[in-house]
Every structure is written in structure tokens, then in C-alpha cells.
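1. What follows is a predicted protein model with its sequence.
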Amino acid sequence: PKIHYFHFSVEHVKHVAELDETTDLKLAPNLQLRDVETGHFQKMKVSRAMHVFGNSVASAITFMVENNMIDKSVHKSAVDTAWFINTMNRWFYLLSSRTPAMALSKLHPEKFDEAKEFLIQFIDLFTNISIRMDQWKPVQTGIILATTGILQLAEELIEDGSDFLMTARLTQGCQENLFSIICLKTAISSAIEFRNSLKIVTVAQNPPNQELIIPIG
């Protein structure tokens, strides 16, 4: 089969941010130049990632291509980048749905099948994608594992009778709060230290006289 190559470049996103800094009418109002030019820790902020992978950014790049505001030699790269941003945006909202209407749901079988097919193709995309120097990146492993887990969990729950899966419930702050409390005691803990800290936190946060079952294995 014929292999199709796509090229995604952050330079097109940067171009949108630079243009918006010079005009009052913004093509991508939420995007700022600092969202693109980030350091090691800043790029880990979800809010900045959402600014970059927003539909408005993809629309802005498409608008700039259609109006010849980008050099014609990189038009294909710009179109590919807009497509990639839209794809990432859809993936993010499927994995962070907060309402039944946006959730993976059997209430709308056609949309559920379409969402499953999209997530399967998304896994394939990140299995075959090359980032910079053709090196496998940890982000690829994380995305593939998370997406695969969501797909399997949704199918299992819906087969067992659940109407939908609101995926945002799997990324709520309760887990982060628990981990932050444990990390206050030991920033980098071994499995045994983590287990012991988890026992202490579990006992401390439950009311008196409540029966607790704490796994020790």
C-alpha cells in the first residue's frame, strides 16, 4: 500500500501567536506566544496544552493558508498541522468528557462506534508517528496506554449494563490530591514506602468507628 507522509510543525502555531500579538482582532484568542515558547516544566501545564491544541488554532492556520498568509512552500505542512491539532483536540475531549452527551455512551450507538473507531485510529497514529529524530518518546507510550485502557474500560462497562462512561471521572483531582499528600512525606518513594504511606492516609481520612479493609499484599 502507498504510504502517506504528514508533517506537523509547531512553527505554524508560533506564527499564529506572533500574528495575534500585532492585531486587536485575534485569530486564536486563547493562544499566547508563551504557550509555544515554554521551558521543561511549563510545557507540562494542561492549560497551555489546551491553548495550543484548540480548534481555534487549527482554524487560524487554515485561514492563513487559504488567504496566502503563509509561504506556499509550507502550505502542506500547515494543513497537516491544522489536522493534527483538530485530532488532538477531539482525543482530549473524548478522554475528558464531563456530561452524558459527550461521554462514550450506548445511548447513541452510532456515535459510540464512531468514537471507538477514532480512538483506535488515534492509537495507530501514535504507534507510527515520528517525533523529531525518529526516537520513541514516553508521550507515545502514555497516550497509547491511556487510550487503550479507556477503550477497554468503556466496552466492559457498557457490556455490563452501564449507559455511559464519563471519562473525566478517571482524571479527577482526588488521585492527584492523594499522591501529593503521600509525596509530602517522601518525594520519591519505593513500593513499600508508598504502601505504608497509603495506609496512614487512608486511616487518617476516614471517620472513627468505620470498618476499614486495607490490602497489605
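-> Structure's in. What do you need?
2. Now do the longest helix along the chain: which elements does it pack against?
-> With secondary structure taken from DSSP state H, the chain has its longest helix at helix 138-159. Helix 138-159 sits against strand 104-105, helix 109-128, strand 164-165, with contacts defined as 3 or more Cβ pairs under 8 Å, 6 or more residues apart in numbering; DSSP states H and E. Backbone N, C-alpha and C define where each C-beta goes, glycine included.
3. lowest confidence element among the helices and strands of this protein?
-> Across the helices and strands of the chain, the lowest-confidence element by mean pLDDT, DSSP states H and E is helix 173-185, at a mean of 71.
4. quick revisit: hey, which of the helices and strands packed on helix 138-159 is tucked in deepest?
-> With neighbours taken as mean count of other Cβ atoms under 10 Å, the helices and strands packed on helix 138-159 reach their highest mean count in strand 104-105, at a mean of 22.
5. which residues are contacting it?
-> Here strand 104-105 makes contact (Cβ atoms under 8 Å, 6 or more residues apart in numbering) with 94, 97, 111-112, 115-116, 150, 154, 158, 163-165, 167.
6. Spatially central residue for this protein, please.
-> residue 92 (4.3 Å; Cα atoms, centre = their mean).
7. Okay, and it sits in which element?
-> Residue 92 belongs to helix 75-94 when assigned by DSSP states H and E.
8. Low-confidence stretches in the protein?
-> 1-5, 38-44, 133-134, 171-177, 205-217 (pLDDT under 70).
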